[in-house]
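Asks: Sequence and computational prediction follow.
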Amino acid sequence: MSSEFVRYTPEIETIDPHLDELLAQIIDFWEKKGRASPSTEGTGRAVRGAHAKSFGLVKAEVEILADVPAAYAQGIYAKPGRHGALIRFSSTSTHLGTDAQLGPGLGFAIKIFDIDGPKLVEDEPDSTTFDLVLKNNPIFISNTAKHYLFIEDIANNAQDYLTRGKAGLHELLAEVLTGKGQLEQQEWAWDELFAIVRLVTQTHVRNPLLTTFWSMGAVRHGDYIAKIRVAPAAESATHVIHRDLDLTIGPDVFYPTLADELQARPFDFDLQVQLCTDLTAMPVNVLTVEWPEKLSPFVTVGRVHLPRQDISGPENFEKGDALAFNQWRVTSAHRPLGEIMNVRRIYTASAKVRRTLNHQPQAEPTSADSVLP
């Protein structure tokens, strides 16, 4: 393992010079999807374009640890302390449905309160919240905005392909590889194809509390470059009631599992940072590559405490639905890096459409207690 961490400089990013044009097309796609969602998802309400189905909003506390090694104690992790937080557990699917239909992809979005400093979400620079948006996969399914545009369109219609069995899956993969027939052969999306195959062949279903969640993309980490994850704390994991889950036993499995666990006892996750030591083996601009832990292990910088609580009842979903999570709601010391992380600025536009249609406030909450007393 190398101890020479790569220093952050703006030059490490590779951004398509036509990104603004591509972003306009991507935003248009997600805004149209959001406006149509009350009808297409059958709820009469606008639904998130991604992470559409919630498995519960959970009250939490983030403890920033003392005595963290200096290279890891950067930005918000430099000062030990405790912060109120909210976590939204969700499916990673772009649609609603039964858990079996949506599959094992899980999201973990955490909103941390009372974080000083201007935030990078353009409409909310004075917000005191700080967001991490994580998934139970260390890699993403696209490396460029150009590829993202057609892959998200294909993913949005994945069920139409998959209902036709093997033939439909083959067509889906061919569409990804060739950009729906629009890419020249030298541009074919091989890396994206392999990432999607890895994703769709993951069939092991676990309790969300026994699941590790990653940032997938790289972020600035003060003087350095990092990826972030939360992993179940070993001492908490031993007390979990439900381990491997069977999604076929009912339409909803993840939510009642989470509710059951948190009514029984508290739970902790480790908040961890992996620093980049080699830009070739640990690229910033290629999200389909997992950073090797043998080159740089994850180091714990904080603890996410989930107290014992009752998350049952429809009001929990309503409160979670009114929140917006955004990778860019961070301070400059934790700026998302690379083209795809820049694409994810679109969460602001998507959230505005959803909250407007649902008559929900656009402003950030001021504390965890103001949402979940």
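Replies: Perfect, thanks for sending it. Residues are numbered from 1 along each chain as shown.

Asks: count of neighbours near L295?
Replies: The number of residues packed near L295 is 15, by other C-beta atoms under 10 Å. Using the backbone N, CA and C atoms, a C-beta is placed for each residue, glycine as well.

Asks: what does L193 give?
Replies: Residues near L193, counting by other C-beta under 10 Å: 18.

Asks: State whether it is indeed within a helix.
Replies: Yes - L193 forms part of a helix when assessed by DSSP: H, G, I helix; E, B strand; the rest coil.

Asks: and the gap between it and V330?
Replies: Distance, L193 to V330, by C-beta to C-beta, to the nearest Å: 31 Å.

Asks: Likewise for T14?
Replies: Applying C-beta to C-beta, one obtains 21 Å for the distance of T14 from V330.

Asks: So for these two, which sits in the more crowded spot?
Replies: Taking other C-beta under 10 Å, T14 and V330 do not tie; V330 has more neighbours (24 against 13).

Asks: wait, isn't the more buried one in contact with L120?
Replies: Yes - look at V330 against L120 with C-beta atoms under 8 Å: they come within range, at 5.9 Å.

Asks: Any regions of the chain where pLDDT drops low?
Replies: For the chain, the stretches with pLDDT under 70 are 1-3.

Asks: which secondary structure elements does the helix ranked longest in it contact?
Replies: Secondary structure of the chain per DSSP state H: the longest helix is helix 19-40. Helix 19-40 sits against helix 145-156, helix 339-343, helix 347-357, with contacts defined as 3 or more C-beta pairs under 8 Å, 6 or more residues apart in numbering; DSSP states H and E.

Asks: Could you pull out the helices in this protein for me?
Replies: 19-40, 99-102, 145-156, 158-162, 165-178, 190-200, 234-237, 254-264, 314-321, 339-343, 347-357.

Asks: Now do the buried residues in stretch 201-215.
Replies: 205-215 (16 or more other C-beta atoms under 10 Å).

Asks: returning to that earlier point: out of the helices and strands packed on helix 19-40, flag the one nearest G302.
Replies: Closest of these to G302 is helix 339-343, at 21.3 Å (criterion: C-beta to C-beta).

Asks: And the contacts of that closest one?
Replies: The contact list for helix 339-343 (C-beta atoms under 8 Å, 6 or more residues apart in numbering) reads 13-16, 19, 22-23, 26, 140, 142-145, 148, 217-219, 285, 287, 327, 336.

Asks: And that helix, what's buried?
Replies: When neighbours are counted by 16+ other C-beta under 10 Å, the buried residues of helix 339-343 are found to be 339-343.

Asks: Take the helices and strands packed on helix 19-40 and lay them out in JSON lines including distance to A264.
Replies: Listed next are the helices and strands packed on helix 19-40 as JSON lines, based on distance: least, C-beta to C-beta, whole Å:
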{"stretch": "helix 145-156", "distance to A264": "36"}
{"stretch": "helix 339-343", "distance to A264": "37"}
{"stretch": "helix 347-357", "distance to A264": "33"}
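
Asks: Quick check: which of those is buried the most?
Replies: With neighbours taken as mean count of other C-beta atoms under 10 Å, those reach their highest mean count in helix 339-343, at a mean of 23.
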